[in-house]
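> just the structure for this:
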Amino acid sequence: GKKPLRQRVVDELKHYYNGFHLLWIDTKVAARMVWRLLHGQVLTRRERRRLLRTCADLFRLVPFLVFVIVPFMEFLLPVFLKLFPEMLPSTFETESKKEEKQKKKLNAKLELAKFLRETIAEMAKRNKADTG
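Next up is the predicted model:
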């Protein structure tokens, strides 16, 4: 069954609190990485990806804050999230959304692998026919 409205509101508030907290932590870590870059150190590939993700999250936060600041605009947030699913920073994603993205990526990779396998099989048949 559905949770009571009060519990759903509390869950959403916890979700956004945790999202902002994680974004704050990511921002502090990214600031340290920028400091290291400015002092001539080189970042690892993982650190560079994290820095880029955090910067992208900070840029995504600007339109998101409009929904939070303008009164009653938060009621339009679900509509905009349907239209622009990548609008929220990555720290605000739910586990189900993350799993859904992973499934889509996996399906795309499987389709690509199937296409490449069929292409190679077709090329092998042509080569066999040419040599035979």
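
> per-residue confidence averaged over stretch 66-74?
Per-region confidence: stretch 66-74 scores 82 on mean pLDDT.

> contacts for the lowest-mean-pLDDT helix or strand in the chain next, please.
Within the chain, confidence by mean pLDDT, DSSP states H and E is lowest for helix 77-83 among all helices and strands, at a mean of 82. If you take C-beta atoms under 8 Å, 6 or more residues apart in numbering as the criterion, helix 77-83 is touched by 67, 87, 88. Any C-beta I mention is one placed from the backbone N, CA and C, and that applies to glycine too.

> make JSON lines out of these and add neighbour count and secondary structure.
What follows is those, written out as JSON lines (neighbours: other C-beta atoms under 10 Å; DSSP: H, G, I helix; E, B strand; the rest coil):
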{"residue": "67", "neighbour count": "17", "secondary structure": "helix"}
{"residue": "87", "neighbour count": "15", "secondary structure": "coil"}
{"residue": "88", "neighbour count": "22", "secondary structure": "coil"}
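
> report the contact partners of residue 36.
When contacts are counted by C-beta under 8 Å, 6+ apart, residue 36 is found next to residue 43.

> now do 10 Å
By C-beta atoms under 10 Å, 6 or more residues apart in numbering, the contact set of residue 36 is 42, 43, 47.

> what's the helix or strand encompassing residue 46 packed up against?
Under the criterion of DSSP states H and E, residue 46 resides in helix 45-69. If contacts are counted by 3 or more C-beta pairs under 10 Å, 6 or more residues apart in numbering; DSSP states H and E, helix 45-69 sits against helix 5-38, helix 77-83.

> buried sites along it?
Of the residues in helix 45-69, 47, 50, 51, 54, 57, 60, 61, 64, 67 count as buried by neighbour count, 16 or more other C-beta atoms under 10 Å.
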